[in-house]
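> prediction below, plus the sequence it came from.
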Amino acid sequence: MSAPRLLIVVASSTGRTARLAEAVAEGGRDAGAAVCVKRADDASGDDLVAADGVILGSGVHMGGIESSMRAFFERAAPLWIEGRLIGKTGAAFVTAGLGARGGAELALLSLLANLAEHGMVLLSMPNRLSRYREGGCHWGPVAWTNPRKGVPGPTAEHLDAARAHGRHVAECTARWLRGAEPPTEVAARSRSSQAAEELDRLARRPPR
Ligand SMILES: Cc1cc2nc3c(=O)[nH]c(=O)nc-3n(C[C@H](O)[C@H](O)[C@H](O)COP(=O)(O)O)c2cc1C
């Protein structure tokens, strides 16, 4: 089986979420995935279709996601109509100014909700992952970048948590792809079958 392809789409005005994105990417690559990081402004529908798993990251703005991520969601809406992302894996991460309040969880949920809208398989962040306590939440990694006390993030601990989650998403995606692969003989037969092509065509037709 080839390496899982992960796409990380990040909305980051001042670079902190982009640093977290690089750590998520490092973790994914450590686990053998081919990882591509794109800014929300630049990511396209083709990027999404080419990926086996998609990880979305955003800075928290006014209690929610950044506007460039929202615009990206809306640009990808035609893929929702065609059901092109169904069955891919999906995960999320954010950075937020203040600890404990301010909308980090809401922003994570908005990112995951968009992936769910596309019929993707959502991957949470298990509390056994490295540095979960400092930089994690069950919805995904979080870095606090302007806390009232302590060091502004992303700290080394936040970056470790993000790396651990990248590894986790890569491993789960590889496992999902392996499990989904039919035995070689069945795959060869269905490739040559017209019925399978017809089913494929119907599955891509927009609902009435
Ligand atoms: C317009 C604006 C609105 C923000 N709103 C929030 C907010 O509601 N809650 C919060 O915790 N932080 C808020 N922040 C702080 C950012 O979430 C924080 O600095 C984040 O790390 C920025 O990520 P970036 O460097 O990737 O852009 C806001 C920042 C900006 C510029």
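Structure's in. What do you need? Numbering: from 1, shown residues only.
> near the ligand, which residues of the chain show up?
12-18, 59-63, 95-98, 102-103, 145-146 (C-beta under 6 Å from any ligand atom). Where C-beta positions appear, they are placed from N, C-alpha and C, glycine not excepted.
> show me which of those are buried.
12, 16-18, 59-61, 95-97, 102-103, 145 (16 or more other C-beta atoms under 10 Å).
> any idea what the spatially most central residue of the chain is bridged to?
With distances taken as C-alpha atoms, centre = their mean, Ile55 lies nearest the centre of the chain, 1.4 Å away. Ile55 forms beta bridges with Ile8, Ala91, as assigned by DSSP bridges.
> give me the pLDDT for His158.
Looking at His158, its pLDDT is 98.
> that one touches Ser130, doesn't it?
No - the pair His158 / Ser130 is not scored as a contact, 11.3 Å apart, by C-beta atoms under 8 Å.
> so which elements touch the longest helix seen in the chain?
Looking across the chain with DSSP state H, the single longest helix is helix 156-180. Here helix 156-180 is seen to pack against strand 5-11, helix 16-30, strand 53-59, strand 89-96, helix 132-135, strand 142-144 when contacts are counted using 3 or more C-beta pairs under 8 Å, 6 or more residues apart in numbering; DSSP states H and E.
> JSON lines for those, including distance to Lys38 and mean pLDDT?
Formatted as JSON lines, the helices and strands packed on helix 156-180 follow (distance: least, C-beta to C-beta, whole Å; pLDDT from 0 to 100):
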{"stretch": "strand 5-11", "distance to Lys38": "6", "mean pLDDT": "98"}
{"stretch": "helix 16-30", "distance to Lys38": "9", "mean pLDDT": "98"}
{"stretch": "strand 53-59", "distance to Lys38": "10", "mean pLDDT": "98"}
{"stretch": "strand 89-96", "distance to Lys38": "15", "mean pLDDT": "98"}
{"stretch": "helix 132-135", "distance to Lys38": "23", "mean pLDDT": "96"}
{"stretch": "strand 142-144", "distance to Lys38": "20", "mean pLDDT": "96"}
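> save the ones you listed as TSV, and put in distance to Ser124 too.
As requested, those are arranged in TSV below (distance: least, C-beta to C-beta, whole Å):
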stretch	distance to Ser124
strand 5-11	16
helix 16-30	15
strand 53-59	13
strand 89-96	8
helix 132-135	11
strand 142-144	13
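> in contact with the nearest residue to Ile65 once chain neighbours are set aside, which residues?
Leaving aside its sequence neighbours, Ile65 sits nearest to Ser58 (C-beta to C-beta, 6 or more residues apart in numbering; 4.4 Å). Residues near Ser58 by C-beta atoms under 8 Å, 6 or more residues apart in numbering: Val10, Ala11, Ser12, Thr17, Ala40, Ile65, Glu66, Met69, Val94, Ala107, Leu111.
> for Val49, see how far away the fifth one is.
In other words, Ala40. 17 Å (C-beta to C-beta, to the nearest Å).
> contacting residues for the residue nearest to Ala104 when sequence neighbours are not counted?
Take Ala104 and drop its neighbours on the chain: the residue closest to it by C-beta to C-beta, 6+ apart is Ala96, 4.0 Å away. Neighbouring residues of Ala96 by C-beta under 8 Å, 6+ apart: Gly59, Val60, Gly102, Gly103, Ala104, Ala107, Val142, Ala143, Trp144, Thr145.
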